[in-house]
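A.B. asks: here is the input, now give the coordinates:
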Amino acid sequence: MPSIGKRYHCTHHGCGKIFQRPNHLKIHLRAHSGERPFECDNCDKAFSCASQLATHKISHSSEKSYECEICDKAFKSVGTLARHKKTHSSERPYECDNCDKAFARSMSLTVHKRMHSGERAFICDICDNAFTCANYLYVHKRKHSSEKPLKPLICDNCDKTFSCASELASHKRSHTGNKPYTCQTCDTGFSQSGTLTRHMEKHKRDAQRQLQLAPLRDDQCLETHHTVQSWEAC
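C.D. replies: Modelled structure (predicted):
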């Protein structure tokens with residue numbers, strides 16, 4: 001594990017995160033590999049570090065010691081209470097600089113930005129499929145292993161089953177017609193971020209093709225050049 005002084009760098013392609021302690025880097029690398037060695041003995045969930053497991057085990061307890069002073073709901077951990085309290089606020093301080101979306105949590109913004117960049121830093125070492133976050137990789141790798149599958153999530157419209165909540169939510173949009181991902185160029189809506197990304201690539205190719213056409217007036221050339229630049233920034 002390479003280090004500079006007391007700084008430990010992740011060498012995984014496209015990551016580059018830096019840590020002050022080697023054990024923090026070791027835990028971080030499990031996000032790329034999908035390794036989760038700390039297993040809960042009450043359910044089939046597993047975690048990349050012991051502290052996450054300890055926090056999770058609280059969910060199996062019936063005790064709810066942390067109360068929301070706004071609505072009187074009670075929670076089992078201070079972290080769950082903190083996330084809940086954000087639902088009472090409209091504040092979304094983490095803004096995307098590529099679109100007009102904003103988020104209450106910095107991690108949500110980080111994952112969202114990968115939709116614009118196409119970054120998929122979490123790669124399966126068995127089949128080379130790549131994912132935008134560690135949890136998607138973890139769910140995927142269970143399909144390759146003999147581990148007990150995750151409890152299926154069932155669509156109440158058609159009885160299809162899914163292994164994670166995000167897949168179910170994406171599928172449900174096919175029933176509701178909800179299309180939350182909108183192209184900034186033509187205002188076409190899509191139900192999945194991946195479909196929007198592929199659509200945006202088409203606009204980029206069309207803009208590059210226009211740039212190759214001749215002759216163009218100076219104002220047309222300038223407008224097309226700016227369009228290409230904006231797509232390359234996505």
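A.B. asks: need the nearest residue in space to the residue positioned nearest the centre of the chain, chain neighbours excluded.
C.D. replies: Nearest to the mean C-alpha position of the chain, counting by CA atoms, centre = their mean, stands residue 111 at 3.5 Å. Spatial nearest neighbour of residue 111, excluding adjacent residues (CB to CB, 6 or more residues apart in numbering): residue 133 at 5.2 Å. Glycine gets a C-beta too; all of them are placed from N, C-alpha and C.
A.B. asks: how near is the one you found to residue 96?
C.D. replies: 16 Å (CB to CB, to the nearest Å).
A.B. asks: for the record, mean pLDDT for stretch 129-145?
C.D. replies: Taken as a whole, stretch 129-145 has a mean pLDDT of 78.
A.B. asks: can you list the neighbours in contact with that stretch?
C.D. replies: With contact meaning CB atoms under 8 Å, 6 or more residues apart in numbering, stretch 129-145 is reached by 31-32, 34, 36, 48, 111, 114-115, 119-124, 126-127, 149-150, 163-164, 166.
A.B. asks: what subset of these is buried?
C.D. replies: Neighbour counting over those (16 or more other CB atoms under 10 Å) leaves 31-32, 34, 36, 48, 111, 114-115, 121-124, 150, 163 as the buried ones.
A.B. asks: which residue in these has the weakest pLDDT?
C.D. replies: Comparing the buried ones among the contacts of stretch 129-145 by pLDDT, residue 150 comes last, at 56.
A.B. asks: just the helices in this protein please.
C.D. replies: Secondary structure of the chain (DSSP state H): helices located at 22-33, 50-57, 78-85, 106-117, 134-141, 165-176, 193-212, 218-232.
A.B. asks: export those helices to JSON lines and tack on distance to residue 186?
C.D. replies: JSON lines is the format used below for the helices of the chain (distance: least, CB to CB, whole Å):
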{"stretch": "helix 22-33", "distance to residue 186": "36"}
{"stretch": "helix 50-57", "distance to residue 186": "42"}
{"stretch": "helix 78-85", "distance to residue 186": "36"}
{"stretch": "helix 106-117", "distance to residue 186": "17"}
{"stretch": "helix 134-141", "distance to residue 186": "28"}
{"stretch": "helix 165-176", "distance to residue 186": "20"}
{"stretch": "helix 193-212", "distance to residue 186": "7"}
{"stretch": "helix 218-232", "distance to residue 186": "12"}
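A.B. asks: distance of residue 197 relative to residue 182?
C.D. replies: 13 Å.
A.B. asks: among the two, which residue is more densely surrounded?
C.D. replies: The neighbour count for residue 197 versus residue 182, taken as other CB atoms under 10 Å, is higher for residue 197 (17 against 14).
A.B. asks: and the more buried one, what does it touch?
C.D. replies: 115-116, 118.
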